[in-house]
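Visitor: A structural model of the following input is requested.
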Amino acid sequence: MRGSRFTTGFTLAVALGWLLGASAAVAEEGRIPVEVLVAHLSSEGSGVDPSAERLDRKLRGQFKYSSLKVLQKRRLDLAIDEVGTLDLPNGKAARVRPISKTDTGVLIAVDVEGAAKMDVRAKSGHLIVIRAGAYEGGNLVLSLEPDYE
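Guide: Numbering: from 1, shown residues only. Purely as a prediction, here's the structure:
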C-alpha cells in the first residue's frame, strides 16, 4: 500500500509538472485572445440586443441610436504580429494585429478599410470600440476585448 501511495503521488506530480510546463509553453508563444463583436447602430427600430448590453453601456452618450444589434461575434486567438481579418457586413475588411504585450496592456493595430486605422492599448477585459463605417442607414461599430489573463 505504501508503494502505491508513493507511485500515485509521483504520477500526480509528474502530470502536474507536465501541465504546468504546457501552460508555460502557451504563454511563451505570446498568443492574445481577442473577443470581437460587430454591431449595427441605427436610429430606425428600437431595442438593444441582449448580447450587447455591455457595449451599449459604453456607447450611450457617445453615439445617437435607438437600436443596437449584434451582427457578428468571434474570438481571435492571435500571436504577436499575427493579423486576424474579419469580413464586415458592409463589404469592407477589418484587420487586427497584436503588436506587443506589457504590464500596461496589449498594443493592438486596427485597420478598418475605409473607416479607421490606429494603434490602441487595452488591458485584459477592457473594451475598445471603433466606428467601422456606414451600413444600412446606420453605423457599424467594432468592439475588441483582449482576454489574456
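
Visitor: now Leu86, what's its secondary structure?
Guide: Judged by DSSP: H, G, I helix; E, B strand; the rest coil, the three-state class of Leu86 is strand.

Visitor: wouldn't it be in contact with Ala94 here?
Guide: Yes: look at Leu86 against Ala94 with C-beta atoms under 8 Å: they come within range, at 4.6 Å. Backbone N, C-alpha and C define where each C-beta goes, glycine included.

Visitor: Of the two, which one has the most company?
Guide: Ala94 (23 against 17; other C-beta atoms under 10 Å).

Visitor: Determine the residues that are contacts of both of Leu86 and Ala94.
Guide: Common contact partners of Leu86 and Ala94 (C-beta atoms under 8 Å, 6 or more residues apart in numbering): Val38, Leu142.

Visitor: remind me which residues of this protein are low pLDDT?
Guide: Applying pLDDT under 70 to the chain flags the ranges 1-30.

Visitor: just the strands in it please.
Guide: Assigned by DSSP state E, the strands in the chain fall at 32-42, 47-48, 67-78, 84-87, 93-102, 105-112, 116-122, 128-135, 138-146.

Visitor: can you redo these as CSV with distance to Leu55?
Guide: Output for these, formatted as CSV (distance: least, C-beta to C-beta, whole Å):
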stretch, distance to Leu55
strand 32-42, 6
strand 47-48, 9
strand 67-78, 7
strand 84-87, 16
strand 93-102, 16
strand 105-112, 16
strand 116-122, 14
strand 128-135, 7
strand 138-146, 5
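
Visitor: and Ser124, what does it touch?
Guide: So Ser124 contacts Gly105, Val106, Pro146, Asp147, Tyr148, Glu149 (C-beta under 8 Å, 6+ apart).

Visitor: Roughly how far does the closest residue to it other than its chain neighbours sit from Ala79?
Guide: Nearest non-adjacent residue to Ser124, counting by C-beta to C-beta, 6 or more residues apart in numbering: Glu149, 4.3 Å away. As judged by C-beta to C-beta, to the nearest Å, Glu149 and Ala79 stand 17 Å apart.

Visitor: Check Lys92 too.
Guide: Using C-beta to C-beta, Lys92 is found at 24 Å from Ala79.

Visitor: quick one, which of the two is more surrounded?
Guide: Higher neighbour count among Lys92 and Ala79: Lys92, with 16 against 12, using other C-beta under 10 Å.
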